[in-house]
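1. Quick one, what's the 3D model for this:
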Amino acid sequence: MPNLVDVSKLTKEQKIKLLEKAKEKLGMSKLQEITDRSRKQIYLYLRGFDERGKELEIPQDVIEKVVNTLTLDEVYEVINGFNPREVTINDAIAVIAKAVQDPGFRNIFFMILEKEFGEYLKEHTQAYLVTKDDIELFEKIVKNEKSRNTAQDRISYLRRALADLDYELTPTKLKEYILDLSEENKGRAEHTAKALKLFIKEVVKPKSTAIARELYEAFKTPKVAPHYKQYIPDLATVKQIFNNINDLGVKAFFIILTETGLRVGEVLSLKLDQIDFEHRIIHISKINKTKRAYITFLHESTAKWLKEVYLPYREDFVRKYENSLRKLIEANPDQNIDIEAWKNKLFPFKEDNIRFEIKQAMKKVLGREFRLYDLRSFFASYMVKQGVSPLIINLLQGRAPPQQFQIIQNHYFVISDIELQQYYEKYAPKLL
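-> From the prediction side, this is the model:
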């Protein structure tokens, strides 16, 4: 953890505690190797005085090496005497206020943020929240500059895309969204990309040239098949990624995404009343021109874990941050935030946080990351290898368009919900 702790300002007692913490965590042999000191010398440092009783200081280079072996939480707990996980929102506000007033403190604060959340902060600073006024401005512009049919086309595709993106545009979300659309319907992807690029050019750019540039260049308007090379992990790898996700809310999101093969947007938009834990059924209830998401299911072990472990965590999260969200709504009335809709969401977390945590786990396991959409392909591939009919897989993943689904159901392939669930329970991937 270089440069994040000014060891010259640590007291002798704090240095000894840090050394003791490193010894407990690593063991004496490893600590000797890291610090390049003998066992005897380390014991003298821990004691605080030499054989003659003379006070002994731990050298700065030794403490720097020790600090680099500990996590930020561990260093903070040793130096300040309490676990940072107990920090409240009020504590965070106090830290920010201190950073505003003290340039030296601010420099250290930003260095810590950059090290721990560099990728997330970069993505978040490039985010643009779309308001109702933005959409109305866009509609006025295209109606004045485009033909009636073209204008209506651009408006329709933009509104649909913004809803899927939860009215927040970031480079990563835009890139993956267009790639995902390209795999399912290249024509729709092309129209959507044109609408989004026009929106960024006409509405976002006048407000923020820098953000608009990042958003505009994040994706291309599809003309040919996308060049992205799909990655389909095996079940063992998916389990490793799941086990390396630290955040409980993100783990819950990941297990549903992986075990159902649903689209990322479908899982993000799930509401509590769409989950029947007793019968282990997820009602997607989504029908449009290209999708018919029927129903899908949960494994018994997954339903039990979600109900007993995740839901209490989720309730605590909502209870903890509801007041903060209400204040945000009061301060930003133009953003039209619906707090009741937020409280009813199965996953009331920011999509950026979810993606960041999952991709960190991917990097730990694979040393690289892949698209969350590839987990949809993982589900289909896994089921095919189990010998499941593609028709069953299409029904479970909502891939069959309404008309095709109706033809299949009425004339060729009659299957009950109970039979569909039996296929799921027997063949679908299982992480727990």
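
2. to the chain's geometric centre, what's the distance from the strand or helix carrying residue 135?
-> Residue 135 belongs to helix 132-145 when assigned by DSSP states H and E. Computed by CA atoms, centre = their mean, to the nearest Å, the chain-centroid distance of helix 132-145 equals 31 Å.

3. now for that helix, which elements pack on it?
-> Identification of packing neighbours for helix 132-145 by 3 or more CB pairs under 8 Å, 6 or more residues apart in numbering; DSSP states H and E yields helix 148-164, helix 186-199. For every residue, glycine as well, the C-beta is placed using N, CA and C.

4. ok, 7 Å please
-> Counting contacts by 3 or more CB pairs under 7 Å, 6 or more residues apart in numbering; DSSP states H and E, helix 132-145 packs against helix 148-164.

5. just checking, what packs against the helix it packs on?
-> Against helix 148-164 (3+ CB pairs under 7 Å, 6+ apart) you get helix 132-145, helix 186-199.

6. Of the ones you listed, which stretch is the most buried?
-> helix 186-199 (a mean of 20; mean count of other CB atoms under 10 Å).

7. Could you tell me the angle between that helix and helix 132-145?
-> If you take axes from the mean of the first three to the mean of the last three CA atoms, to 10 degrees, helix 186-199 sits at 100 degrees to helix 132-145.

8. okay, and for the stretch 301-432 of the chain, where does confidence drop off?
-> 332, 334-336, 399-415 (pLDDT under 70).

9. Helices along that one, start to end?
-> 311-331, 339-344, 351-366, 374-385, 390-397, 402-407, 417-427 (DSSP state H, counting those that start in this stretch).

10. just so I know, which of the ones you listed lies nearest residue 179?
-> Among the helices of the stretch 301-432 of the chain, helix 374-385 comes nearest to residue 179, with 10.1 Å by CB to CB.

11. tell me the angle of that closest one relative to helix 417-427?
-> 90 degrees.

12. sorry, back to before: out of the helices of the stretch 301-432 of the chain, the one nearest residue 232 is which?
-> helix 374-385 (5.2 Å).

13. Any idea how far the closest one is from the middle of the chain?
-> Mean C-alpha position of helix 374-385 versus that of the full chain (CA atoms, centre = their mean) differs by 21 Å.

14. Residue 268 contacts residue 350, correct?
-> No. Applying CB atoms under 7 Å, one finds residue 268 not in contact with residue 350, separated by 10.1 Å.

15. what about those two, which has more around it?
-> residue 268 (19 against 14; other CB atoms under 10 Å).

16. Pop the domain breakdown of the protein in here.
-> Following automatic domain parsing, one gets these domains for the chain: 7-86, 128-217, 235-427.

17. which ones are touching residue 135?
-> Residue 135 makes contact with no residue under the criterion CB atoms under 7 Å, 6 or more residues apart in numbering.

18. Look up how far residue 178 lies from residue 169.
-> Distance, residue 169 to residue 178, using CB to CB, to the nearest Å: 12 Å.

19. more crowded one of those two?
-> Neighbour totals were compared for residue 169 and residue 178, and residue 169 leads with 25 against 21 (other CB under 10 Å).

20. Tell me what the more buried one is bridged to.
-> Listed beta-bridge partners, residue 169: residue 128 (assigned using DSSP bridges).

21. I'd like to know how far it sits from residue 177.
-> Taking CB to CB, one finds residue 169 at 10 Å from residue 177.

22. from memory residue 281 sits against residue 303, does it?
-> No. Assessed by CB under 7 Å, residue 281 is found out of contact with residue 303, at 9.5 Å.

23. Spatially central, which residue of this structure would that be?
-> residue 354 (1.6 Å; CA atoms, centre = their mean).

24. Doesn't residue 93 belong to a helix?
-> Yes. Residue 93 forms part of a helix when assessed by DSSP: H, G, I helix; E, B strand; the rest coil.

25. What separation do you get for it and residue 100?
-> 11 Å.

26. try residue 189
-> For residue 189 relative to residue 100 (CB to CB), the value is 44 Å.

27. all strands for the stretch 201-350 of the chain, in order.
-> Secondary structure of the stretch 201-350 of the chain, counting by DSSP state E, counting those that start in this stretch: strands at 275-276, 281-287, 292-297.

28. Direction included, what does the shortest one pair against?
-> For strand 275-276, the paired strands and their directions (DSSP bridges) read strand 281-287 (antiparallel).

29. tell me the average confidence for the strand it pairs with?
-> Strand 281-287 shows a mean pLDDT of 74.

30. ok, now stretch 99-118?
-> pLDDT averaged over stretch 99-118 gives 73.

31. cool, and stretch 155-166?
-> So the average pLDDT for stretch 155-166 ends up being 91.

32. cool, stretch 53-70 as well?
-> When pLDDT is averaged over stretch 53-70, the result is 86.

33. Does residue 388 touch residue 423 like I think?
-> Yes. Judged on CB under 7 Å, residue 388 makes contact with residue 423 at a distance of 6.3 Å.

34. Can you pull out the low-pLDDT segments for the stretch 101-250 of the chain?
-> 104, 115-116, 118-125, 224-228.

35. Count the residues that sit near residue 94.
-> 12.

36. and it, how far is that from residue 101?
-> 11 Å.

37. And residue 281, by the same measure?
-> 54 Å.

38. looking at the helices of the stretch 301-432 of the chain, which is closest to residue 43?
-> Nearest to residue 43, of the helices of the stretch 301-432 of the chain and by CB to CB, is helix 351-366 at 34.7 Å.

39. just checking, what packs against the closest one?
-> Using 3+ CB pairs under 7 Å, 6+ apart: helix 351-366 touches helix 103-125, helix 235-243, helix 248-260.

40. ok so, going back, would you turn the domains of the chain into TSV with distance to residue 106?
-> Below are the domains of the chain laid out as TSV (distance: least, CB to CB, whole Å):
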stretch	distance to residue 106
domain 7-86	16
domain 128-217	22
domain 235-427	23
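
41. and stretch 266-278, which residues are buried?
-> 266, 267, 268, 269, 270, 274, 275 (16 or more other CB atoms under 10 Å).

42. returning to what we had before: now the helices and strands packed on helix 148-164 in TSV, with distance to residue 67?
-> Output for these, formatted as TSV (distance: least, CB to CB, whole Å):
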stretch	distance to residue 67
helix 132-145	46
helix 186-199	45
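
43. and of these, who's closest to residue 30?
-> Taking the helices and strands packed on helix 148-164 one by one with CB to CB, helix 186-199 is closest: 51.8 Å.

44. what sits up against the closest one?
-> By CB under 7 Å, 6+ apart, helix 186-199 touches 138, 153-154, 157-158, 161, 174, 178, 181-182, 216, 219, 221-222, 290.
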